[in-house]
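>>> what follows is a predicted structure for the sequence shown.
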Amino acid sequence: MNTFTIKVPATSANLGPGFDSVGLALDLYVTLECEPAKEWNFVLSQQDAPFIPNDKNNLIYKSAVFTAAKFGKDELPPHQIRMTNDVPIARGLGSSSTAVVGGIELANQLFSLNLTKSQKLQIACEIEGHPDNVAPAIYGGITVSSYDGSNLESVRFSKGLENVVFAAVIPDYHVETEKARAILPDEVPYKEAVYASGMANVLVAALAEQDWALVGRMMKQDKWHQPYRGELIPDFPKVSNVLNTHGALGYYISGAGPTMIGMFNADKDFKNLFSDLADYQIDLLQADTNGVTAVNPAPMNQ
Ligand code: HSE
């Protein structure tokens, strides 16, 4: 087996009202350089080492084992994985999905499984439980998906994404997804659910029409999760206000937070935004339209 490199994009889930369904791939990556070794190990940066296991407890390894087992392979040939991680951990930019999707691709490469994107997504949903981050990490672009534990559907949008830019405003603290999900209500009154799903429907229709102004307006209309997550992300009102002043088409909490994303027209000049949000890391990102890729050995069926 040769050396090979896997690249997985960061993702941003929900886009406002598309809770657990809509997701966007961004041009920020986790890169895994894989080469045969005597035993499994992950070479991590100093910054990642406190948060990511460097042995078989690594989620990439576990996801690869899960995938391989589905095809009757129970021993992964040992490799060293050198990980370059530009996706901040536990900040709402899909870091755990990059590990799940990276692990599925790892098994795909190690055993030449020739998995289609659809097969990869099915496996990723079994591991992750919801499709909003893993689908764009696999397909690229924006995906709209539904998964009820067995039935999976996913539709991808990629046209016109070059016309918008996403300013990721990243606070200096972590939010654990588990905690951000635990504060959501168990039930929503019927009328409220109808209203909230109407918002999500219009978001998706606007994506289909590439009507970015309407996409932006709907991003601000979430009733499913953002109203409940304020206590974990107290910066959201202030940051929204600044993004609004700077002409953002829309803004939302990315995934379970704490990163907040403002969507702008691609020709926006961001100079003053950086000084107005000087307390935050700001990454200016565009959509990734490829999803996970593997280079060398030979290309797989996609
Ligand atoms: N849709 C998920 C959430 C994304 O908002 O909780 C994080 O896994």
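Right, received. Where do you want to start? Residues are numbered from 1 along each chain as shown.
>>> quick one: the strands in this structure, in order.
Counting by DSSP state E, the chain has strands at residues 4-13, 22-36, 41-43, 79-85, 142-147, 152-157, 164-170, 250-253, 260-265, 281-285, 293-295.
>>> looking at the ones you listed, which is closest to the ligand?
Closest to the ligand of the strands of the chain is strand 4-13 (C-beta to the nearest ligand atom; 4.0 Å). From N, CA and C alone the C-beta is placed, and that goes for glycine too.
>>> the closest one: partners in the sheet, and parallel or antiparallel?
strand 22-36 (antiparallel), strand 293-295 (antiparallel) (DSSP bridges).
>>> I'd like to know which helix or strand in this structure has the lowest mean pLDDT.
Of all helical and strand segments in the chain, the minimum by mean pLDDT, DSSP states H and E falls on helix 271-276, at a mean of 91.
>>> what's around the residue nearest to Ser63 when sequence neighbours are not counted, how many residues?
Spatial nearest neighbour of Ser63, excluding adjacent residues (C-beta to C-beta, 6 or more residues apart in numbering): Gly103 at 2.6 Å. Residues within reach of Gly103, counting by other C-beta atoms under 10 Å, total 29.
>>> and this structure, split by domain according to the record?
Domain ranges of the chain: 4-158+288-295, 161-285, per automatic domain parsing.
>>> which of the ones you listed sits most buried?
domain 4-158+288-295 (a mean of 21; mean count of other C-beta atoms under 10 Å).
>>> need the distance between the two termini of that one.
6 Å (C-alpha to C-alpha, to the nearest Å).
>>> show me where pLDDT drops low in this protein?
Low-confidence segments of the chain (pLDDT under 70): 1, 297-302.
>>> packing partners of the least confident helix or strand of the chain?
Packing partners of helix 271-276 (3 or more C-beta pairs under 8 Å, 6 or more residues apart in numbering; DSSP states H and E): helix 236-245.
>>> circling back to that earlier point, okay if I get the strands paired with strand 4-13 as JSON lines plus distance to the ligand?
Output for those, formatted as JSON lines (distance: least, C-beta to the nearest ligand atom, whole Å):
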{"stretch": "strand 22-36", "distance to the ligand": "8"}
{"stretch": "strand 293-295", "distance to the ligand": "23"}
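>>> any idea what the residue lying closest to Met219 once chain neighbours are set aside is bridged to?
Closest residue to Met219 apart from its sequence neighbours, by C-beta to C-beta, 6+ apart: Gly250 at 3.3 Å. Beta-bridge partners recorded for Gly250 (DSSP bridges): Met263.
>>> surely Gly250 and Asp222 touch.
No - the pair Gly250 / Asp222 is not scored as a contact, 10.4 Å apart, by C-beta atoms under 8 Å.
>>> identify the contacts common to the two.
Residues touching both Gly250 and Asp222 by C-beta atoms under 8 Å, 6 or more residues apart in numbering: Gly16.
>>> dihedrals phi and psi, the nearest residue to Ser197 once chain neighbours are set aside?
Ranked by C-beta to C-beta, 6+ apart and with sequence neighbours excluded, the top spatial neighbour of Ser197 is Pro17, at 8.0 Å. Taking degrees, to the nearest 10, you get phi -80, psi 0 for the backbone angles of Pro17.
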